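> Predicted coordinates and the sequence they were generated for:
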Amino acid sequence: MELVPLGPGFGVEVRGVSILDVAIDADAYKAVRGAFEEHSLLLFREQPIADDIQVAFSRAFGPLELTKAASLGENSFYSRLTNLGPDGHVVPPTDRQVLIAQANALWHTDSSFKKTPALASVLTARVLPGADGDTEFTSTRLAWERLPSDLQARLTDAVATHSYANSRDQIHPDLANAAERKALPPVRWRMNWLNPTNKRRALYIASHAYAIDGMDDRNARQLLAELMDETTKREYVHVHKWRQGDVVMWDNRAMLHRGRPWDYAKERSMVRTTISATVADGLDQVKPTVH
Ligand code: OGA
Ligand code: MN
């Protein structure tokens, strides 16, 4: 296995090991898992892409998340991100499927609004729009390490509230529908996630986060916005330009990501599988202490 650096201080392209190797070979998995813990973002190029191979690869890392209520392909392992409608045509730019893409364009970590947040996401490109539609990444681990120590001390035990509706409401008031609001009530997480394998902390924030325990809402939103701005400064961002055959995997404990806009008249179809966080991944670390 060879690792080629990708982003500013995080991310590697993995060469010499394929996603199929990881699915069937414990040693390949171990090596890739080590790279994941260390580098937070992995890229595999020229891979055999198919739903079942993607699931077999993802499954090696832990339990797979089921898609939430009201998603395309609800209650399956596959999150299908596409602007192709059920009739096989690209949907109009005002369609819910495009609004979902626009919500994904807000900096976020996957599933911080769920009862069990995500350890990792695996994203594959199925149909690319030609240009644009890049995915951007930044390290919340490096962001945490850049924070002044007094702010680190303040945030070590701080707890933020996350909800699906909070990020969707920024795009359109009806984007989160009644079923989703009911199925996804707000959840609270510590504002940092300690990685149990290397003991490095990462800031844990997202477009889904809006309130902080013990702070008034205005100040909480302002602090969250400041942390977000600092974390996502241009020089800290890696832009992934998709090619056919790419598999990108990221650590949701230590990364923020966002999808970039593209010409919505062109099809862009992606498939994501998501691995839930477990106690071994530090899930207890991110749970608020019960007082
Ligand atoms: C995701 C996501 C952005 C993109 O799959 O979780 O946010 O570029 N995707 O498709
Ligand atoms: Mn996402």
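Now that the structure is in, tell me what you want to look at. Predicted model only: the values in this text are computed from it and were never measured. Ligands and ions are numbered 1, 2, ... in the order given.

> How about the residues of the stretch 51-200 of the chain by ligand 1?
Taking C-beta under 6 Å from any ligand atom as the contact definition, the stretch 51-200 of the chain meets ligand 1 at 81, 104, 110, 121, 123, 135. Glycine gets a C-beta too; all of them are placed from N, C-alpha and C.

> thought the third one was touching residue 252?
Yes. Because the distance of 5.0 Å satisfies C-beta atoms under 8 Å, residue 110 is recorded as touching residue 252.

> For the two, indicate the residue with more neighbours.
residue 252 (28 against 24; other C-beta atoms under 10 Å).

> ok, that one - contacts?
Counting by C-beta atoms under 8 Å, 6 or more residues apart in numbering, residue 252 touches 109, 110, 111, 112, 117, 118, 119, 120, 121, 277.

> for residue 126, same thing?
49, 82, 269, 270, 271.

> change it to 6 Å
With contacts defined as C-beta atoms under 6 Å, 6 or more residues apart in numbering, residue 126 is in contact with 269, 271.

> how would you label it: helix, strand or coil?
Residue 126 carries the three-state label strand when classified by DSSP: H, G, I helix; E, B strand; the rest coil.

> Number the residues from 44 up from this point.
Okay, residue one is now 44; in that scheme the one you just asked about reads as residue 169.

> Can I get the contacts of residue 295 in CSV including distance to residue 56, secondary structure and pLDDT?
Putting these into CSV (distance: C-beta to C-beta, whole Å; DSSP: H, G, I helix; E, B strand; the rest coil; pLDDT from 0 to 100) gives the following:
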residue, distance to residue 56, secondary structure, pLDDT
152, 22, coil, 98
153, 21, coil, 98
154, 25, coil, 97
155, 27, coil, 98
160, 26, coil, 98
161, 22, strand, 98
162, 21, strand, 98
163, 17, strand, 98
164, 17, strand, 98
320, 25, coil, 98
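
> Compare those and tell me which has the most neighbours.
Neighbours here are counted as other C-beta under 10 Å. On that basis the top member of the contacts of residue 295 is residue 152, with 29 neighbours.

> quick one, phi/psi of that one?
When read as degrees, to the nearest 10, the backbone of residue 152 gives phi -120, psi 140.

> Span of stretch 253-269 from start to end?
Across stretch 253-269, the terminal residues are separated by 12 Å (C-alpha to C-alpha, to the nearest Å).

> and it, what's its mean pLDDT?
Here the mean pLDDT over stretch 253-269 is 98, rounded to a whole number.

> Then stretch 56-67?
pLDDT averaged over stretch 56-67 equals 98, rounded to a whole number.
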